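In: dropping a prediction and its sequence here:
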Amino acid sequence: MSEKIIIFDTTLRDGEQSPGASMNTEEKIQIALALERLGVDVMEAGFAASSNGDFEAINKIAQIVKNSSVCSLARCVENDIIQAAKALEPAEKKRIHTFIATSPIHMEFKLKKSPDEVLKTAVKNVKLAKSLCDDVEFSCEDALRSDISFLKEMADAVYEAGASTLNLPDTVGYRIPQEMYEFFKIMSEYTKGKLILSAHNHNDLGLATANTLAAILGGARQIEVTLNGLGERAGNSALEEAVMAIKTRKDAFSNFYTQINTKEIYPSSKLLSNIIGVWPQPNKAIVGKNAFTHESGIHQDGVLKHPETYEIMKASDIGLVQDNLILGKHSGRAAFKDKLKILGFNLNDEELNRAFNDFKELCDKKKEVFDDDLIAIISAESVKIEEKFKLINLQVSDCTQALASAAISLECDNEIIKEAAIGDGVIDAIFKVIDRASKVNGFLQDYKVNAVSKGKDALAQVSVKVSFEGQKAIIGNGLDLDTMQASAKAYLAALNSYISMNK
Ligand code: KIV
Ligand code: ZN
């Protein structure tokens, strides 16, 4: 009989730890809804005790998500576990995930605790978690560099204390697949199905997904993954890679299945990229821009004769509709709604009205609207937060010999603010004039511009990373046919996000 591999998604926790990937609450909710549509079994929504923002996001997600279990991370510390339980309180299905490091190097230098103290701390906190939540996962941080006899002792102890899942992470991405397979084999033979064993692999040597698949063959029945392989340092094992490997290589994984709706992979990956302003490398497996494109003539010829000559998966299996020239100026609402459904968006009437207006506005300015344009405008619309400062008008002038200038009108609390500034180049002038008008100073840490689709009239998608008033940097995204307008929108989005988080 085929066994289910539990998909534990940690895009919103380990993924969010990736540099430049921090999200505001509204953005996290949109990702959580995408994960629910994907059909993940468990979503780790954050680390409740780490900040008020994380607590609030987990709590909101717990109120909204119904079909996936919502989880919070907690160290083996009483307050962390209490905060996790409080944040998860409204969830229909919930899990507390508590962890402590078990490798000699972590115990000695980081925790400064003996193995016995670590074991006692784990047991005490798993018991506490179990008293507050029925479903408890325990992780031995840096398990793959831990002493296996200590891990066995730990497995027995946390099982007795009430944990039902034991996660054994390769925290530093050190192992190779053969070792991973053998490790899980030993641990699964030892635990004899009492605990669900989970694999959580980092990608420092580029082996995260290979290790995750090896762990399954060795006995893991839960895998911890992120969209686009986002995560600490080189990232985590990518959800799309592990899931598509299990689906595509039914021969090698004949005993296993996942409940992921793979057609949601592409829209979810795009949504995440659009939110964090970080796109997977073009040759990234499954979701990279080139993953389903054939450049060489020989390959193109082969694919035309028989797709399987060079294709092991269908683009449509991940929800990627190719040759996606779509509706234009004269397209009606019904066709528009249908197209959104194909792209994986189920909008309510109000959202549909807004999206349709945005689409019509875009059609007035741009002849051809592609799927990627639609995904970008809908993603941008779906994560809009309260706008303290709203862009009314922006004018720029660029003199090659002299300083560039920008003049702006912003609406704030029903009043119009007008300002002008000069800068070293137009972008500098735009950001300076926003600082001046809002009286909030920002330091630009990163600026990226990306063409959403093809053609000279492609939408510009600008992503900025700004630290306001010396605080933690925030990402803002802006979308417009004009790169200057998109830049102003991106900077204002970061500013509004900063204000909403610090109200
Ligand atoms: O990589 C790791 O060890 C983790 C744990 C907190 C599960 O992310
Ligand atoms: Zn991790």
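Out: Alright, I've got the coordinates. Ligands and ions are numbered 1, 2, ... in the order given.

In: helix, strand, or coil at Ala74?
Out: Under DSSP: H, G, I helix; E, B strand; the rest coil, the three-state class of Ala74 is strand.

In: tell me the phi and psi of Leu444?
Out: Main-chain torsions, Leu444, degrees, to the nearest 10: phi -80, psi 120.

In: cool, Cys363 as well?
Out: Dihedral angles of Cys363 (phi, psi; degrees, to the nearest 10) stand at phi -60, psi -30.

In: same check on Ser463?
Out: Dihedral angles (degrees, to the nearest 10) for Ser463: phi -130, psi 130.

In: tell me if I'm right that it and Ile474 touch.
Out: No. Ser463 is beyond contact range of Ile474, at 11.3 Å (criterion: CB atoms under 8 Å). For glycine as for every other residue, the C-beta is placed from the backbone atoms N, C-alpha and C.

In: doesn't Asp372 fall inside a strand?
Out: No. Applying three-state DSSP, one finds Asp372 to be helix, outside a strand.

In: isn't it right up against Ala451?
Out: No. Using CB under 8 Å, Asp372 is not in contact with Ala451; the gap is 9.4 Å.

In: looking at the two, which is more packed in?
Out: Shown here are Asp372 and Ala451; by other CB atoms under 10 Å, Asp372 has more neighbours (20 against 14).

In: and Thr258, what does it touch?
Out: Neighbouring residues of Thr258 by CB atoms under 8 Å, 6 or more residues apart in numbering: Lys4, Ile5, Ile7, Val243, Ile246, Lys247.

In: pLDDT wise, what is the fourth one at?
Out: pLDDT recorded at Val243 is 98.

In: ok, the fifth one next?
Out: We have a pLDDT of 98 for Ile246.

In: skipping adjacent residues, who's closest to the residue in the stretch 201-350 of the chain that ligand 1 sits nearest to in space?
Out: Using CB to the nearest ligand atom, the closest approach of the stretch 201-350 of the chain to ligand 1 is made by His202 at 5.9 Å. Leaving aside its chain neighbours, His202 sits nearest to Gly173 (3.7 Å; criterion: CB to CB, 6 or more residues apart in numbering).

In: got the contact list for that neighbour?
Out: For Gly173, counting by CB under 8 Å, 6+ apart, the contacting residues are Asn201, His202, Asn203, Asp204, Leu205, Leu207, Ala208, Arg233, Ala234.

In: out of these, which are buried?
Out: For these, a burial check counting by 16 or more other CB atoms under 10 Å picks out Asn201, His202, Asn203, Asp204, Leu207, Ala208.

In: give me the beta-bridge partners of the second one?
Out: For His202, the residues forming beta bridges with it (DSSP bridges) are Asn236.

In: and it, what pLDDT?
Out: pLDDT, His202: 98.

In: how about the fifth one?
Out: At Leu207, the model reports a pLDDT of 98.

In: next one: phi and psi at it?
Out: With angles defined as degrees, to the nearest 10, Leu207 sits at phi -110, psi 10.

In: apart from its chain neighbours, what residue comes closest to Lys390?
Out: Glu411 (4.3 Å).

In: wait, doesn't the one you found sit right on Phe389?
Out: Yes. Glu411 lies in contact with Phe389 (CB under 8 Å); the separation is 7.4 Å.

In: neighbour count: these two, which is higher?
Out: For Glu411 versus Phe389, the count of surrounding residues by other CB under 10 Å is larger for Phe389: 21 against 15.

In: give the contact list for the residue nearest to Lys390.
Out: Glu411 touches Phe389, Lys390, Ile392, Ile417, counting by CB under 8 Å, 6+ apart.

In: switch to 10 Å and redo it
Out: Glu387, Lys388, Phe389, Lys390, Leu391, Ile392, Asn393, Ile417 (CB atoms under 10 Å, 6 or more residues apart in numbering).

In: common neighbours of Glu411 and Phe389, please.
Out: Shared contacts of Glu411 and Phe389 (CB under 10 Å, 6+ apart): Ile417.

In: follow-up on the earlier one: return the members of the contacts of Glu411 classed as buried.
Out: Of the contacts of Glu411, these count as buried by 16+ other CB under 10 Å: Glu387, Lys388, Phe389, Leu391, Ile417.

In: which two from the contacts of Gly173 end up farthest apart in space?
Out: Largest separation among those by CB to CB: Leu207 and Arg233, giving 13.4 Å.

In: and the contacts of Glu411, which is closest to Asp41?
Out: Glu387 (36.0 Å).

In: picking that back up, the residue nearest to His202 in helix, strand or coil?
Out: Per three-state DSSP, Gly173 ends up coil.

In: next, work out how far apart it and Gln281 are.
Out: 17 Å (CB to CB, to the nearest Å).

In: same deal with Lys60?
Out: Distance, Lys60 to Gln281, using CB to CB: 32 Å.

In: just Gln17 next, same as before
Out: Per CB to CB, Gln17 is found 19 Å from Gln281.

In: thank you kindly, that will do.
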